[in-house]
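Enquirer: Give me the fold of what follows.
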Amino acid sequence: MRKHIRSIAFVLLSVLLTSNLSAQGKKIEKALDNCLQEITEIRHQIHQYPELGNREFKTAKLVADYCRNLGLEVTEKIAHTGVVAILKGGKPGPVIAVRADMDALPIVEEADIPYKSVVKTVYRGQEVGVMHACGHDIHTAVQLGVVSVLASMKDEIPGTVKFIFQPAEEGSPPGERGGADLMIDEGVLKNPEPEAIFGLHTGGPLGYIGYSIGPALAAVDGFSIIVRGKQAHGASPDQSVDPIVTASQLVLALQTIRSRNLSPIQPSVITVGIFRSGNRSNIIPREAYLEGTVRTYDPEVRSSIEKRMREITEGITSAAGATFELDYGRGSPATINNPELTRKMIPTLHRILGEDKVIEQEPLMGAEDFANYAQVIPGFFFFLGHSNPENPSGPHHNPKFLADDGCLSVGIRAMANLVMDYLNSGGMKN
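Expert: Predicted structure coming up:
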C-alpha cells in the first residue's frame, strides 16, 4: 500500500513540475516575442559598428544603458570596457552567472548584408577593417535578450542572475591586459559570488545546439620568433646569413613536433600565422619575423611543445650562423565543461529544442577564455548553430563569416530556460 501511495505521489509531483515548466516556458516565449525585433535591431547595430578588444566603448555603453533601463544594477569599466549587470529575483535562491563577449576582429567584411561593417581602425600600426567574424555580436545580443526576458519575470526568479559582458576575448592590444583573466582579477566573480557560469558561442548549423561533457575547447598559447642573420645583396647570397631561408626551414621543422615528438592520439596544433621579412626583391634582409599559435589539451604536451620549439629554433639558427629571439606566452587554459553541471542542464536543451537538435560533439581545437571562469567555478559552455544552409556562413575569423538572425531566438530561448531551470532546481547543491 505504501509503495502504491509513493507511486501516486511521484506521478503528482511530476505532473506539477511539468505544469510549472510549461507555465515558465509560455512566459519565456511571450517575453521573447516581445523583445526579439528590438534585439535583432541591436544585433545589427553592434555588427555594423564593431570594436576591437579593450576598445568596445560604444558597445559597452549600449549594453549598460539597456540593462539599466530594465532595472538591473549595472557596473561599468571592469577590465577596461567590461559591464556587469545584476538581476535580483523576487525569491531567495542561488547566484548564477551568464557571460557574453563583445569584441570584434581586424578583418574586412565581405558578407553581402545591409548591416555590413564598414568600420576601419589602426591595429598594430596598420589600417585594418573591423568585423564581427566570430559571432560576438550574436553572443552580446542573445545575452541582452535573456536580460529582457528574465527582467520581465523578475518576481518569479528564485535567486540572482549575474550578466557578464566581457571585452577582449580575442586578445588584448600589445602591451595591455584584458579579457576574462583581468575581469576575474578585478572581482567579477565576487559580490555576489556565483556558484556556476553559463556561456555560448556560435558554431554549427542553424537550429542546432552542440555541447561536450568535459573537454570542449583547447588551451591557447602564442609565440613570436625573430631570426637575425646578415644582410647582403640578393646577387651575393654567399656574403649573407639569410634569415628568410633559415626561418623557412624553421616553419617546416616546427611541424615535426606534432608529427614526431608527440603521441599521435594526443591533440595539438602548431600554426605559424605571420611570416614577415624584407622590403626589396634584391636585398637579403637582416631579420625575419614569425608569429603563431599553439593549441593543446594536456599540460604536459603544452610544456613539451614549448621546450621542443626552443630546441629546434636554437639548432636551426645555429647551423645557419644566425641568432634568434623567441617569446612564448601562455594564454587561456583548456575549456572544460563541468560534467555534473553539463549533465544537469542537457534535459533542458532536449525539452526546448528536441533531442534530435541537441548534439554531443567532440572537443574542438579552437580556444575560449571562458576557460578562466570555468577554472574558478563550474561552467557549462555550448555552441549555438548560426549557419543557414540557404545562405551558408564562411568559417570563423573569415571575411565571409555570417551568423543568421534566426539563431537569436534559439539562443535566448535556450539560455533563459537554462538559467530558470538551474535556479528552480536549487543550483549545484541539488
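Enquirer: Now for residue 409: which residues touch it?
Expert: 32, 36 (C-beta atoms under 8 Å, 6 or more residues apart in numbering). Placement of C-beta: from N, CA and C, glycine included.
Enquirer: For it, which three-state class applies?
Expert: helix (DSSP: H, G, I helix; E, B strand; the rest coil).
Enquirer: Tell me how far it lies from residue 156.
Expert: 21 Å (C-beta to C-beta, to the nearest Å).
Enquirer: So what's the residue count around residue 246?
Expert: 21 (other C-beta atoms under 10 Å).
Enquirer: gap between stretch 367-384 and the chain center?
Expert: Taking C-alpha atoms, centre = their mean, to the nearest Å, one finds stretch 367-384 lying 8 Å from the centre of the chain it belongs to.
Enquirer: Show me the helices in the chain, by range?
Expert: For the chain, the helices defined by DSSP state H cover 2-48, 57-69, 136-151, 179-185, 243-256, 299-320, 339-353, 370-374, 406-424.
Enquirer: Output those in TSV; the columns should cover distance to residue 195.
Expert: TSV is the format used below for these (distance: least, C-beta to C-beta, whole Å):
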stretch	distance to residue 195
helix 2-48	21
helix 57-69	22
helix 136-151	17
helix 179-185	15
helix 243-256	42
helix 299-320	26
helix 339-353	10
helix 370-374	12
helix 406-424	10
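Enquirer: what's the closest of those helices to residue 116?
Expert: helix 2-48 (7.1 Å; C-beta to C-beta).
Enquirer: Just the mean pLDDT for that closest one, thanks.
Expert: Helix 2-48 shows a mean pLDDT of 76.
Enquirer: try stretch 269-283
Expert: Confidence over stretch 269-283, taken as the mean pLDDT, stands at 97.
Enquirer: Could you list the buried residues of it?
Expert: Neighbour counts over stretch 269-283 (16 or more other C-beta atoms under 10 Å) mark 269-270, 272, 277-278 as buried.
Enquirer: what do you get for stretch 343-356?
Expert: Buried residues in stretch 343-356 (16+ other C-beta under 10 Å): 344-346, 348-349, 351-353.
Enquirer: who touches residue 117 in this structure?
Expert: 47-50, 104, 109, 129-132.
Enquirer: Not counting residues beside it along the chain, what's closest to residue 75?
Expert: Using C-beta to C-beta, 6 or more residues apart in numbering and skipping the chain neighbours, the partner closest in space to residue 75 is residue 84 (4.7 Å).
Enquirer: swap in residue 250?
Expert: residue 316 (5.2 Å).
Enquirer: follow-up on the earlier one: for the residue nearest to residue 75, name its beta-bridge partners.
Expert: Beta bridges link residue 84 to residue 75, residue 164, judged by DSSP bridges.
Enquirer: so it makes contact with residue 161?
Expert: No. Counting by C-beta atoms under 8 Å, residue 161 is not a contact partner of residue 84; they are 11.1 Å apart.
Enquirer: These two: who's more crowded?
Expert: residue 161 (27 against 24).
Enquirer: ok, now how distant is the more buried one from residue 325?
Expert: 47 Å.
Enquirer: for residue 231, same thing?
Expert: 17 Å.
Enquirer: rewinding a little: which of the helices of the chain sits closest to residue 198?
Expert: That would be, of the helices of the chain and by C-beta to C-beta, helix 406-424, which comes in at 5.9 Å.
Enquirer: Find the residue at the geometric middle of this protein.
Expert: residue 368 (4.2 Å; C-alpha atoms, centre = their mean).
Enquirer: any chance of the buried residues of stretch 343-356 in CSV, plus pLDDT and distance to residue 337?
Expert: Shown next, in CSV, are those (pLDDT from 0 to 100; distance: C-beta to C-beta, whole Å):
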residue, pLDDT, distance to residue 337
344, 98, 11
345, 98, 10
346, 98, 11
348, 97, 15
349, 98, 13
351, 96, 19
352, 95, 19
353, 97, 18
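Enquirer: Same list, the residues you listed, but as JSON lines with distance to residue 75 please.
Expert: Shown next, in JSON lines, are the buried residues of stretch 343-356 (distance: C-beta to C-beta, whole Å):
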{"residue": "344", "distance to residue 75": "29"}
{"residue": "345", "distance to residue 75": "27"}
{"residue": "346", "distance to residue 75": "32"}
{"residue": "348", "distance to residue 75": "29"}
{"residue": "349", "distance to residue 75": "30"}
{"residue": "351", "distance to residue 75": "34"}
{"residue": "352", "distance to residue 75": "31"}
{"residue": "353", "distance to residue 75": "33"}
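Enquirer: ok, these vs residue 152, which is closest?
Expert: Taking the buried residues of stretch 343-356 together and measuring to residue 152 by C-beta to C-beta, the closest member is residue 352, at 17.7 Å.
Enquirer: how far away is the spatially closest residue to the closest one that is not a sequence neighbour from residue 199?
Expert: Nearest non-adjacent residue to residue 352, counting by C-beta to C-beta, 6+ apart: residue 417, 5.3 Å away. Separation of residue 417 from residue 199 (C-beta to C-beta): 15 Å.
Enquirer: do the same with residue 308
Expert: Applying C-beta to C-beta to residue 308 and residue 199 gives a distance of 33 Å.
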